[in-house]
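Peer 1: with the sequence up front, the predicted model follows.
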Amino acid sequence: MQVLTKNQTGPYPAYFSRYISQLPDTDVFPMMDQQAEALQNLLQGLTEEEALYAYGPGKWSIKEVMGHLIDTERIFAYRSLCISRQESQSLPGFDENAYVQQANFNQRTLASLLEEYKLMRLSHLALFRGMSPAMLERTGLVNNNLVSAQALIIISAAHERHHLNILRERYGLGLE
């Protein structure tokens with residue numbers, strides 16, 4: 001079984017350094033398994049009302065953070081898939097705030113968001129683990145920036161770590 005660490009990113013836009021620098025130098029695949037469990041543990045006991053909490057004006061609710069994690073990982077996984085298959089077109093960027101604004105995350109149940117997240121994560125890990133080392137090292141363009149397929153996987157893990165920390169620190173979750 002292959003191992004993928006933050007030191008194996010290959011090229012990626014400098015913007016993502018702020019996420020990647022927070023990762024330990026360990027295999028991201030087991031880390032992503034652990035993140036899924038940690039997120040479930042953080043949120044499973046919340047009521048629907050508690051899941052609508054936002055820590056400040058203009059900030060996302062807990063449900064919106066969940067939706068953002070789902071959308072972002074789905075987009076990064078798609079990009080990684082395209083690049084691993086040698087897509088020659090530049091893949092589009094996206095505006096995370098516009099995506100959350102256009103979604104109906106606050107109208108959904110927390111349980112439905114957690115279930116979608118769980119299924120999405122399992123699917124993506126199967127996809128990622130099935131990529132050969134050569135596929136992972138391939139590069140392509142995202143929003144006209146050079147990035148490797150493996151960097152997108154590492155960025156997914158780093159992005160989720162960032163938001164798990166925000167849920168703990170700014171939303172006060174898991175601080176018994």
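Peer 2: The structure has been received and is ready for your questions. Residues are numbered from 1 along each chain as shown.

Peer 1: could you pull out the strands for this protein?
Peer 2: For the chain, the strands defined by DSSP state E occupy 139-142, 145-148.

Peer 1: so which of the ones you listed is nearest Ile62?
Peer 2: Of all the strands of the chain, it is strand 139-142 that lies closest to Ile62, at 28.2 Å by C-beta to C-beta. Using the backbone N, CA and C atoms, a C-beta is placed for each residue, glycine as well.

Peer 1: chain center to that closest one, what's the gap?
Peer 2: Remark: strand 139-142 is offset 18 Å from the chain centroid, using C-alpha atoms, centre = their mean, to the nearest Å.

Peer 1: which residues are contacting that strand?
Peer 2: Here strand 139-142 makes contact (C-beta atoms under 8 Å, 6 or more residues apart in numbering) with 10-11, 13, 79, 82-83, 86-93, 146-149, 152.

Peer 1: so which of the residues you listed are in helices?
Peer 2: With DSSP state H as the criterion, helices contain 79, 82-83, 149, 152 from among the contacts of strand 139-142.

Peer 1: coming back round to it: quick one: buried ones out of the contacts of strand 139-142?
Peer 2: Buried members of the contacts of strand 139-142, scored by 16 or more other C-beta atoms under 10 Å, are 10, 79, 82-83, 91, 147-149, 152.

Peer 1: re the thing from before, can you put the strands of the chain in JSON lines and add mean pLDDT and distance to His163?
Peer 2: Listed next are the strands of the chain as JSON lines, based on pLDDT from 0 to 100; distance: least, C-beta to C-beta, whole Å:
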{"stretch": "strand 139-142", "mean pLDDT": "98", "distance to His163": "20"}
{"stretch": "strand 145-148", "mean pLDDT": "98", "distance to His163": "20"}
